[in-house]
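Engineer: Sequence first, then the predicted structure, then my questions.
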Amino acid sequence: GAPADWPTYGGNPSRSGLAVGTPTFRGHLARRWTAHVDGEVYAQPLVVGGRVIVATENDSVYALAAGSGRLLWRRHLAAPVTTGLPCGDISPSGITGTPVADVTSGRLFVTTFTASGGYHHTLWALSLANGATVWRRPIDVPGSDPRAQQQRSALTLLGGRVYVAYGGLYGDCSDYKGRVAAVAESGRGRLISFTAPVQREAAIWAPPGPVTFGGNLYVATGNGTPARDVADSDSVVRLTAGLRQTGRFTPGNFATLSANDLDLGSTSPAVLPGGLLFQAGKEGTGYLLRAGHLGGTGGQIATVDLGDGAFGGDAVAGHTVFVSCFQQLAAVRLTTGAGRRPALRVVWRAPVPAGPPVLAGGVVWD
């Protein structure tokens, strides 16, 4: 799309959070407009073709004029879930994961949660021009309990497919597993899926969702049961476009992480130069990994102590990753050189409770 477009979480499939072509920030902000919507907004707003796309927990999608906030169209797709969940902290629960737009086809893909006719998630393809339904279909993985699976992670596109990741509800109740489902952008054909090989848990729930790099998807998982088994718990997992697992990284202390709810997957992987990935979780350790060879258990290249648990999503500019932590924003620098082993170091910390940052106009926004 155009440089001003932001069609997916983080602006691009690697979730870098880097805005291209934004004017240099001159130290002054003024509110241009405000628009009211019909529910809480957990999904990151998108910008496509001069439209701001906003999805709400009331299972509604809005298109607003980027320059004025004027309502261009609104679609109320379904009735959100208001009662009957075994735990959780979002009510009503409707659209939580960030939608994704295909600028070329002019379509927006979004997942709703509803209890009408039984608990289920539905994937919708909408026209970006007017919000009309192009197609819709069920998107729950066969054998899963939709009532226990929360669709929090952002949707993503790769190779003509739409990918939808699942975790669990706040409180880790009921029978859920980390899963990824995918269907063709046309809406036709069979659903393919990946399910973490655990008894339960190993949620894929970080807001940025699956990260695409080199034709593969990378996801990070949370704690699993039983804690003593790896089974893709607290791991970074590499998946092909067909959702076949081809690699895994798991910290050596995975059993402690799982036993203490210290999810490695509280953020998504961040893509760094040289085919490297950065991953940090609730424990506050940042791991440097090779995307092409994740290393299995304990196979990291380097680590860095963030001094605080990571949560949400990161932003990347060059060799620096900006990490959202519980009580701070940390800038972590990748250092490389001829004959030197890649390393990580914290170059600054901002002592503010951070959310997922974005980079625009030469500054970090949070």
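Structural biologist: Received the coordinates, thanks.

Engineer: Sheet partners, orientation included, of the helix or strand hosting Ala182?
Structural biologist: If you go by DSSP states H and E, Ala182 is part of strand 179-184. Paired strands of strand 179-184, with direction, are strand 161-168 (antiparallel), strand 192-195 (antiparallel) (DSSP bridges).

Engineer: Tell me which of the ones you listed lies nearest to Ser266.
Structural biologist: With Cβ to Cβ, the closest approach to Ser266 among the strands paired with strand 179-184 belongs to strand 161-168: 10.5 Å. Where C-beta positions appear, they are placed from N, C-alpha and C, glycine not excepted.

Engineer: Please enumerate residues in contact with that closest one?
Structural biologist: 97, 100, 109, 111, 121, 123, 139, 141, 144, 148-153, 155-157, 174, 176-185, 192, 201, 203-205, 209-210, 217, 219, 222, 241 (Cβ atoms under 8 Å, 6 or more residues apart in numbering).

Engineer: Now go through those and say which are in strands.
Structural biologist: 100, 109, 111, 121, 123, 149-150, 156-157, 179-184, 192, 201, 217, 219 (DSSP state E).

Engineer: What subset of these is buried?
Structural biologist: 100, 109, 111, 121, 123, 149-150, 156-157, 179-183, 192, 201, 217, 219 (16 or more other Cβ atoms under 10 Å).

Engineer: hey, what's the closest residue to Thr8 other than its chain neighbours bridged with?
Structural biologist: The shortest distance from Thr8 to any non-neighbouring residue, by Cβ to Cβ, 6 or more residues apart in numbering, is to Val100 (4.7 Å). With DSSP bridges as the criterion, Val100 is bridged to Phe109.

Engineer: Likewise for Val332?
Structural biologist: Beta-bridge partners, per DSSP bridges, of Val332: Val321, Val346.

Engineer: isn't it right next to Thr320, touching?
Structural biologist: Yes. The criterion here is Cβ atoms under 8 Å, and Val332 meets it with Thr320 at 6.9 Å.

Engineer: The residue nearest to Thr8 and Ala125, how far apart?
Structural biologist: Computed with Cβ to Cβ, to the nearest Å, the distance linking Val100 and Ala125 is 11 Å.

Engineer: any shared contact partners between those two?
Structural biologist: 108-109.

Engineer: in the stretch 151-300 of the chain, which segments are predicted with low confidence?
Structural biologist: In the prediction, the stretch 151-300 of the chain carries no residues with pLDDT under 70.

Engineer: what about the helices in it?
Structural biologist: All helices of the stretch 151-300 of the chain, identified by DSSP state H, counting those that start in this stretch, fall at 254-259.

Engineer: Now for Asp314: which residues touch it?
Structural biologist: Asp314 makes contact with 15, 17, 208, 267-268, 270, 278, 280, 321-324, 356-357, according to Cβ under 8 Å, 6+ apart.

Engineer: quick one: which of these is nearest to Gly339?
Structural biologist: When the contacts of Asp314 are ranked by distance to Gly339 (Cβ to Cβ), Phe278 comes first, at 22.2 Å.

Engineer: How much space separates the nearest residue to the closest one once chain neighbours are set aside from Asp308?
Structural biologist: Excluding the flanking residues, the one nearest Phe278 by Cβ to Cβ, 6+ apart is Ala270, at 4.3 Å. Computed as Cβ to Cβ, the Ala270 to Asp308 distance reads 16 Å.

Engineer: Likewise for Thr24?
Structural biologist: 30 Å.

Engineer: So which of the two has more stuff around it?
Structural biologist: Asp308 (22 against 8; other Cβ atoms under 10 Å).

Engineer: contacting residues for the nearest residue to Glu201 once chain neighbours are set aside?
Structural biologist: Spatial nearest neighbour of Glu201, chain neighbours left out: Gly224 (4.6 Å); criterion: Cβ to Cβ, 6+ apart. Applying Cβ under 8 Å, 6+ apart, we find Gly224 in contact with 196, 198-202, 231-234, 258.

Engineer: one more time with 6 Å, if that's ok
Structural biologist: Contacts for Gly224 (Cβ atoms under 6 Å, 6 or more residues apart in numbering) come out as 198, 201-202, 231, 233, 258.

Engineer: picking up where we left off before, quick one: the residue nearest to Phe278 and Val321 touch, right?
Structural biologist: Yes. If you go by Cβ atoms under 6 Å, Ala270 and Val321 touch, sitting 4.9 Å apart.

Engineer: Any chance you could list residues touching both of the two?
Structural biologist: In contact with both Ala270 and Val321: 278, 314, using Cβ under 6 Å, 6+ apart.

Engineer: Please enumerate the strands of the stretch 201-350 of the chain.
Structural biologist: Assigned by DSSP state E, counting those that start in this stretch, the stretch 201-350 of the chain shows strands spanning 211-213, 216-220, 224-225, 236-239, 245-250, 270-272, 276-280, 285-290, 296-297, 302-305, 310-317, 320-325, 329-337, 340-350.

Engineer: Export those strands as JSON lines, with columns for distance to Tyr62.
Structural biologist: As requested, the strands of the stretch 201-350 of the chain are exported to JSON lines (distance: least, Cβ to Cβ, whole Å):
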{"stretch": "strand 211-213", "distance to Tyr62": "27"}
{"stretch": "strand 216-220", "distance to Tyr62": "29"}
{"stretch": "strand 224-225", "distance to Tyr62": "37"}
{"stretch": "strand 236-239", "distance to Tyr62": "32"}
{"stretch": "strand 245-250", "distance to Tyr62": "37"}
{"stretch": "strand 270-272", "distance to Tyr62": "30"}
{"stretch": "strand 276-280", "distance to Tyr62": "33"}
{"stretch": "strand 285-290", "distance to Tyr62": "36"}
{"stretch": "strand 296-297", "distance to Tyr62": "45"}
{"stretch": "strand 302-305", "distance to Tyr62": "40"}
{"stretch": "strand 310-317", "distance to Tyr62": "22"}
{"stretch": "strand 320-325", "distance to Tyr62": "26"}
{"stretch": "strand 329-337", "distance to Tyr62": "29"}
{"stretch": "strand 340-350", "distance to Tyr62": "32"}
